[in-house]
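Trainee: Based on what follows, work out the 3D shape:
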Amino acid sequence: MNYVSEFLDGVTPGNYFLTKSMEISKIETSGTLWYLKKFLVLYDAIFLSKIIRKKDGIAIVKNNFEKYIESLPESQKKEAEKFFFPDNIDIRRNYRTYMEFSGSIEINHLSDIDQHMSLVDKYYFVYLMNIGGQHKVNAFLKDQIYNTNFEVKKLDLLINQYKSQHVEEKTKSNNQIKNDYHAALRNERQILFYFGFVHSRSNGTGKDKEFASLTPIGELAVQSNSKEFALIWEHQKIKMISQPVTVKIPSIKNCNFCDSNKFKINYSPYLTILKCMKQNGGLAPKFYDLVLSRTNNENVDSVIENYDLFKRELDLVKTTITGYGIRSDLANEDFAKEIKKYMLGIRSDLSKDNGDNYFGCVKSSTNGAWKITDNNRLNRIVDLYSQIDEYKVRRYENIFKDCEKELRGKYSSTVKGKSYDVNHRIKMSWDLYNIRKENIIMLSLVANDYMMNNQLEIEELTDYSILCDYGKRFFANVLKSINLVKKSDIINALKDVVERIKNHTLSEIEYNIDYSIDNVYVNRFSTLNSTDLLNKIKEVSEQNVQPNLERKRDGKIIGLLNSYYLANYSDENNLITCECCGEKTFIKNNGEPYLEYHHLIPFSIADGPDHYENLFGVCPMCHRKIHSIKDSFKDELYDGFDTNNHFNKNILDRLKDLYQKEILKSYQLEYALSEYIINENEYNLILA
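Mentor: Residues are numbered from 1 along each chain as shown. Below you'll find the model as predicted:
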């Protein structure tokens, strides 16, 4: 069989492993993941939470960096301190505050202050990151930005000054020059979106307002130590597919020979790279660019197994791809940056690491090849990740297939020069998959870290109490985020995962999503009067939404709501009406009225809060309808919520209130849009 010909027959232009071409790791000046950690923390502080504008904001950032540095190996701390607190901008002592950096401006219109502060955000970000200013006018601006007298309001004055002395820049507008300076921010922030750290409604491009919130993964990453951040990075790489449904298809319109039906994706690009290296002793120059990055879920095994054959035929592959006439198909720099993102975390050749990355097992060479530096480490990583991948694909295959179908439709439209709107629900399914913590993967990676650190084989891992102590010491935030706090619970969870890994049964784990809370009783709160009950409901709701990595259902809020409804809205027979259909439910054997409680934004699926404004008391029939009924009939159900709820507050006002209180995030609002809870106009109204 001619494997190469068969492979080339299935290759389509613009179809390769691509999350975004920009490389977010500045490995020349930092160790493993330092740059990404600093970028994310500052991005959140400046653009999302905006804590940088508060009096103690810089102290919060400083403490975050110091904790991260303290968690690094001793040999890395000195270099890390130089990176996070460089001499020219050390936020512990010599830096300019946000307001000093901004400078005061006269406000004629609210839009003027918004525009100015948006510019301040961008320039303050590159200032604290210590990036930008490569050449010409950008180099001039960088010198000015680090001047103690600099203020953003002086930018136009400074640019005009430069233009007067450099004729070649006069053709550029001031806005163009100002925007060019922070181009790194524009490009690199897309990595945060594609790897699930921040939410965006589109594909990570566009205005800052699109990045409306941190995701659960992003929140965890911001608070993480070095070990936790490395685990999160591996977690996200393992989960990634070759082209998520949100990716932008390269420009390939009017490509007449392009068969869109051949468009396919690879469900496990990271594992594909690692497997190929393990089996073949590394990656030859251009092998990733021309062959491996173009594999899909159907042909990847034959490519890896016939590595030598494909290596000999690289010129033929290149000739075929060149014939497409699509620039992005051979953009060498893009492919180099893409594979560097996947290799980041397991490299052994980053000088600032001082050889202390005990996951380091590969290195790059000057000719674009990738070499193995520790076969034992790579073998152990591949063996574990292969099992994790089996679990991942078995559980989420339908999402991947849906993504592939949507991408094929988008691809076909692009070839024809037409636009394509991705299905809301499929996009939302991908987003929720990408941004949430996957318990089994995280626990597997905790165990793997322990084994790699102690040079143990999986069979030697038998003392789960010691493993638990290790997890609590180094991965407390991660464990808490997946609701593991008690030692007994941690031991049981880790033991179950490790034993499954030993027995190769990790993929057989079953999951059930619980939509309801049963057996909640009202007696505990029956002595409170109506006003006290309402105050208690509000108090408990606010407690439930306080920043906390650990998320558990709170039966207390349901009991309070039951008591409040019984006190105020029950009839002479203790019956309460359903807040959806308006019909009375029934009395249980204990004499209490029966209600189920529906999270408008689901607790399990989309991290909806246990807040009274997100909860509706409904009859069992309506509850089942909400989760199962055909989309075209949902309007009637949600209209019922608007008219029959006991707090006399409609869905739009509830969501608006929760969003303004920063209880709901933008990805949760998008979930509401995808599930027809709100329409497009309402969605935009809430965001506004």
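
Trainee: Only C-alpha atoms from now on, for both contacts and neighbour counts.
Mentor: Will do.

Trainee: Test my guess that residue 574 contacts residue 567.
Mentor: No: in this structure, residue 574 is not within contact of residue 567 by CA atoms under 8 Å, at 9.2 Å.

Trainee: Which parts of the stretch 501-650 of the chain are helices?
Mentor: 530-544, 555-569, 603-606, 620-628, 634-644 (DSSP state H, counting those that start in this stretch).

Trainee: oh, I was asking about the stretch 351-500 of the chain
Mentor: Using DSSP H, counting those that start in this stretch, helices in the stretch 351-500 of the chain cover 375-415, 424-435, 439-454, 464-474, 476-481, 487-503.

Trainee: in the stretch 551-688 of the chain, which ranges drop under the pLDDT threshold?
Mentor: Where the stretch 551-688 of the chain drops to pLDDT under 70, the residues are 551.

Trainee: before we move on, what about the stretch 151-300 of the chain?
Mentor: Low-confidence segments of the stretch 151-300 of the chain (pLDDT under 70): 203-210.

Trainee: if we can go back for a sec, deepest in the core, which of the helices of the stretch 501-650 of the chain is it.
Mentor: Comparing the helices of the stretch 501-650 of the chain by mean neighbour count (mean count of other CA atoms under 10 Å), helix 555-569 ranks first with a mean of 21.

Trainee: For the closest residue to residue 506 other than its chain neighbours, give its distance to residue 17.
Mentor: Distances taken as CA to CA, 6 or more residues apart in numbering place residue 500 nearest to residue 506, at 5.0 Å, with adjacent residues excluded. According to CA to CA, to the nearest Å, residue 500 and residue 17 sit 31 Å apart.

Trainee: of the two, who's got more company?
Mentor: Higher neighbour count among residue 500 and residue 17: residue 17, with 27 against 17, using other CA atoms under 10 Å.

Trainee: so residue 240 makes contact with residue 267?
Mentor: Yes: with contact defined as CA under 8 Å, residue 240 reaches residue 267; the gap is 7.5 Å.

Trainee: With neighbour numbers in mind, choose between the two.
Mentor: Using other CA under 10 Å as the criterion, residue 240 and residue 267 rank with residue 267 on top: 27 against 23.

Trainee: burial of residue 647, as a residue count?
Mentor: 13.

Trainee: Revised request: answer the last question for residue 169.
Mentor: Using other CA under 10 Å: residue 169 sits among 17 other residues.

Trainee: Please report how far it lies from residue 136.
Mentor: Distance from residue 169 to residue 136, counting by CA to CA: 9 Å.

Trainee: Please apply the same query to residue 558.
Mentor: According to CA to CA, residue 558 stands 63 Å off from residue 136.

Trainee: Likewise for residue 10?
Mentor: Going from residue 10 to residue 136 by CA to CA gives 46 Å.

Trainee: try residue 118
Mentor: Separation of residue 118 from residue 136 (CA to CA) stands at 24 Å.

Trainee: More neighbours: those two, which one.
Mentor: residue 118 (16 against 11).

Trainee: Pull stretch 481-500 out as PDB, backbone CA atoms only.
Mentor: Listed next in PDB are the C-alpha coordinates belonging to stretch 481-500 (Å, rounded to 0.1, in the frame of the first residue of the first chain):
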ATOM      1  CA  SER A 481     -11.400  23.200  42.700                       C
ATOM      2  CA  ILE A 482     -12.700  19.700  42.000                       C
ATOM      3  CA  ASN A 483     -14.300  19.500  45.500                       C
ATOM      4  CA  LEU A 484     -11.600  17.400  47.200                       C
ATOM      5  CA  VAL A 485     -10.700  18.900  50.600                       C
ATOM      6  CA  LYS A 486     -11.000  16.100  53.200                       C
ATOM      7  CA  LYS A 487      -8.100  13.700  53.400                       C
ATOM      8  CA  SER A 488     -10.300  10.600  53.100                       C
ATOM      9  CA  ASP A 489     -12.000  11.900  50.000                       C
ATOM     10  CA  ILE A 490      -8.600  12.800  48.400                       C
ATOM     11  CA  ILE A 491      -7.200   9.400  49.200                       C
ATOM     12  CA  ASN A 492     -10.300   7.600  47.800                       C
ATOM     13  CA  ALA A 493     -10.300   9.700  44.600                       C
ATOM     14  CA  LEU A 494      -6.600   9.300  43.900                       C
ATOM     15  CA  LYS A 495      -6.700   5.600  44.700                       C
ATOM     16  CA  ASP A 496      -9.500   5.000  42.300                       C
ATOM     17  CA  VAL A 497      -7.700   6.800  39.500                       C
ATOM     18  CA  VAL A 498      -4.300   5.200  40.100                       C
ATOM     19  CA  GLU A 499      -5.800   1.700  40.400                       C
ATOM     20  CA  ARG A 500      -7.600   2.200  37.100                       C
END
